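Q: got a predicted structure plus its sequence, pasted below:
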There are 2 protein chains.
Amino acid sequence: MSDTQKLAERLLAGERRALARAITLIESAREDHRATARELLERLGRSGRQAVRIGLSGTPGVGKSTFIEAFGMMLTGQGLRVAVLAVDPSSARTGGSILGDKTRMERLSRDPNAFIRPSPSQTHLGGVARRTREAVSLCEASGFDVVLIETVGVGQSETVVAEMCDLFLLLLAPAGGDELQGVKRGIMEMADLILVNKADGDLKPAATRTCSDYAGALRLMRKRPNDPDGFPKALMVSALHEEGLRTAWEEMHALINWRRENGHFDQRRQIQAQYWFEQEVRQGLLSRLETAEAREAMARAAEDVSSGRKTPTAAAGEVLGALKYE
Amino acid sequence: MSDTQKLAERLLAGERRALARAITLIESAREDHRATARELLERLGRSGRQAVRIGLSGTPGVGKSTFIEAFGMMLTGQGLRVAVLAVDPSSARTGGSILGDKTRMERLSRDPNAFIRPSPSQTHLGGVARRTREAVSLCEASGFDVVLIETVGVGQSETVVAEMCDLFLLLLAPAGGDELQGVKRGIMEMADLILVNKADGDLKPAATRTCSDYAGALRLMRKRPNDPDGFPKALMVSALHEEGLRTAWEEMHALINWRRENGHFDQRRQIQAQYWFEQEVRQGLLSRLETAEAREAMARAAEDVSSGRKTPTAAAGEVLGALKYE
């Protein structure tokens, strides 16, 4: 039995160290690691296991870690296995968050039914996206019931996460009435469930108001043809006091079940798979510009363009001609 | 003398019909036309003639056509030759605006010192961008002093226009005080001059208020290192009554001269040329997905991905492998 085969079997048996090792292979830049990772993914792709993939977005300060910890503990308390992955383009810049994810979620990280993995550090969001998608597949093969994919509310990372999830949650903090516009419309439109966190203590009245503001805003939005009545929904939770989490999970479950029964669940995954396939082809083509030779040719041509010796079109034509038979 | 050479000489002599013919060659999808167009552009690229390229954005209803007509007539009245081009991605969908550009600007279209050309109809904004850029070069070679590039306030077309202009104008209509947020921040940041149109009759007070609101908003924005004090600026104009146009033109002139004297004018054009060069290379690579064979291979692979027979990564790898030695 080859090493890859052994790793696959340990992973299928639910061994967390095998999963961690497999994700490390996926994240590696070494070509031999990538080859092993590809073999592993092909092997495990036929496991037929499926988790509920939940995307979670929220800007810093809304209590995302506290929520994930409390929500995750509630799920493992119900006997479910929970994996937490992150898509954080900023970690590419800083080389990881100052407090590691495991420190942020201390109780959950010690739970044998939970698995936490920080964001792969990559300069390109495209690279982070592929590695996270592959990590999700590995978690599914490893028998996790729920995969939470966390992202901070920056740039395009929400779109990336929404395209790999069955369900998208937006976590918000209580706010003044006029702050509703702070959330980008595009992100609100992605959300299946808006959770207003910190609905406890002094902030309870503000949370109630914020929740009803968002409920109103959601009602004004276009009805989605693939969703049951009442969705998307806004709910209050208190991650700190562990309140509202069960209700939130029940709502998620109801939506997922409805989509499964109506064929929308599988359909959505199929559309997502096609989307990622097209993205990979495009990125693969554009990656030809990343080789040392291509970079050099581009730099030389850019010089000719900048000095006016060549038009952008002529210079581009030459570079493309040179790349053609590489 | 070849036909292309003859066309080039007529165009250099300022013949409008030659210019129109050359733009038609540029817009053509026929490969022989494209080859002639490329030859023409190379030949004319060395004319050394330069126009002031002015981008103009404004959503429907702000009076863009009236403004272009009045502003253009004012310029030709000063002895300047004016070309008007359009970047309108929507015309790709509708097959051109209902009222042609010449009907919208009746007086200007009859002026022998003006040249009006509607947006090339293309499905891709990238295609429209290249053709418009090439048309700008032709207009410059043909001796125009000012090239106005008009766009409607939709999607990415502003960015495209701003990247081919020396100066970017944003035309607005008078509005209620709370409507200021309707203009996207990104578009405001591109503008060198905000012109509040319809500053006449009943709307004069609203125009005054809107203008001062925007002047305030512009002051709050980051100072641009390459601009003189006071820019970007907000001004009032009435295209209908032909008021404020001369002042607006003087402000544009002052900014352009300042940039010329400080080397920023040429520097900006160099950076733009490099930008377009890179865009063309990227688009050229991605265009390999547009051939009949590639489309077929993509469709087949997408089917395999959708049915779960292949992972997105594996399918993308196969398509990329097949494209490699095409």
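A: Cool, got the structure.
Q: what does the residue in the stretch 151-300 of chain A positioned nearest to chain B show for phi and psi?
A: Nearest residue of the stretch 151-300 of chain A to chain B, counting by CB to the nearest CB: residue A:280, 3.4 Å away. Glycine gets a C-beta too; all of them are placed from N, C-alpha and C. For residue A:280, the backbone dihedrals are phi -70, psi -40 (criterion: degrees, to the nearest 10).
Q: over to residue A:291?
A: The phi/psi pair for residue A:291 (degrees, to the nearest 10) is phi -70, psi 160.
Q: count residues in the vicinity of it, would you?
A: 12 (other CB atoms under 10 Å in any protein chain shown).
Q: pLDDT value on it, please?
A: pLDDT for residue A:291: 87.
Q: next one: residue A:90
A: 57.
Q: thinking again about what came up before, wait, the residue of the stretch 151-300 of chain A closest to chain B touches residue B:314, no?
A: No. In this structure residue A:280 lies outside contact range of residue B:314 using CB atoms under 8 Å: 9.6 Å.
Q: and those two? Which one has more around it.
A: residue A:280 (24 against 18).
Q: spit out the contact partners of the more buried one.
A: A:130, B:312, B:313, B:316, B:317 (CB atoms under 8 Å, 6 or more residues apart in numbering or on different chains).
Q: try 10 Å
A: Neighbour list for residue A:280: A:126, A:129-130, A:133, B:305, B:311-317, B:319-320 [criterion: CB atoms under 10 Å, 6 or more residues apart in numbering or on different chains].
Q: nearest to residue B:192 among those residues?
A: residue A:126 (33.6 Å; CB to CB).
Q: next, the buried residues of the helix or strand encompassing residue A:140.
A: Element membership of residue A:140 [criterion: DSSP states H and E] is helix A:125-141. For helix A:125-141, burial by neighbour count (16 or more other CB atoms under 10 Å in any protein chain shown) applies to A:125-141.
Q: could you give the mean pLDDT of that helix?
A: Mean predicted lDDT for helix A:125-141 stands at 88.
Q: and that helix, is it in reach of chain B?
A: Yes. Contact of helix A:125-141 with chain B (CB under 10 Å from any CB of the partner chain) involves A:130, A:133, A:134, A:137.
Q: ok, the residue lying closest to the third one once chain neighbours are set aside - contacts?
A: Leaving aside its sequence neighbours, residue A:134 sits nearest to residue A:26 (CB to CB, 6 or more residues apart in numbering or on different chains; 4.8 Å). Residue A:26 makes contact with A:33-34, A:36-38, A:40-41, A:120, A:130-135, A:137-138 under the criterion CB under 10 Å, 6+ apart.
Q: now, the most widely separated pair of those residues?
A: Pairwise distances across these (CB to CB) peak at 18.5 Å, for the pair A:36 and A:132.
Q: nearest residue to residue A:171 in space, please, no chain neighbours.
A: Here the residue nearest residue A:171, using CB to CB, 6+ apart, is residue A:58, at 3.4 Å.
Q: number of residues surrounding the one you found?
A: Neighbour tally, residue A:58, other CB under 10 Å: 23.
Q: one more: residue A:143?
A: The burial count assigned to residue A:143 is 16, neighbours taken as other CB under 10 Å.
Q: quick one: secondary structure of residue A:174?
A: coil (DSSP: H, G, I helix; E, B strand; the rest coil).
Q: the residue nearest to residue A:175 when sequence neighbours are not counted is in what secondary structure piece?
A: Excluding the flanking residues, the one nearest residue A:175 by CB to CB, 6+ apart is residue A:210, at 5.2 Å. Secondary structure assignment for residue A:210, by DSSP H and E: helix A:204-220.
Q: what packs against that helix?
A: Helix A:204-220 sits against strand A:167-172, helix A:185-190, strand A:193-196, strand A:233-236, with contacts defined as 3 or more CB pairs under 10 Å, 6 or more residues apart in numbering or on different chains; DSSP states H and E.
Q: what's the first-to-last distance across stretch A:299-318?
A: By CA to CA, to the nearest Å, the extent of stretch A:299-318 from end to end equals 13 Å.
Q: tell me how far that stretch is from the chain's mean position?
A: 39 Å (CA atoms, centre = their mean, to the nearest Å).
Q: next one: stretch A:268-278
A: On CA atoms, centre = their mean, the centre of stretch A:268-278 falls 15 Å from the chain's centre.
Q: surely residue A:172 and residue A:234 touch.
A: Yes. Under the criterion of CB atoms under 10 Å, residue A:172 makes contact with residue A:234 at 8.7 Å.
Q: which one of the two is surrounded by more residues?
A: Taking other CB under 10 Å, residue A:172 and residue A:234 do not tie; residue A:172 has more neighbours (27 against 22).
Q: for the more buried one, give the beta-bridge partners.
A: Beta-bridge pairing for residue A:172 (DSSP bridges): residue A:196.
Q: quick one: mean pLDDT over stretch A:196-216.
A: 93.
Q: quickly list what the nearest residue to residue A:161 once chain neighbours are set aside is bridged to.
A: Among residues not flanking residue A:161 along the chain, residue A:55 sits closest, at 4.2 Å (CB to CB, 6+ apart). Beta-bridge pairing for residue A:55 (DSSP bridges): residue A:149, residue A:168.
Q: any figure for the gap between residue A:55 and residue A:167?
A: 7 Å (CB to CB, to the nearest Å).
Q: also residue A:32?
A: 36 Å.
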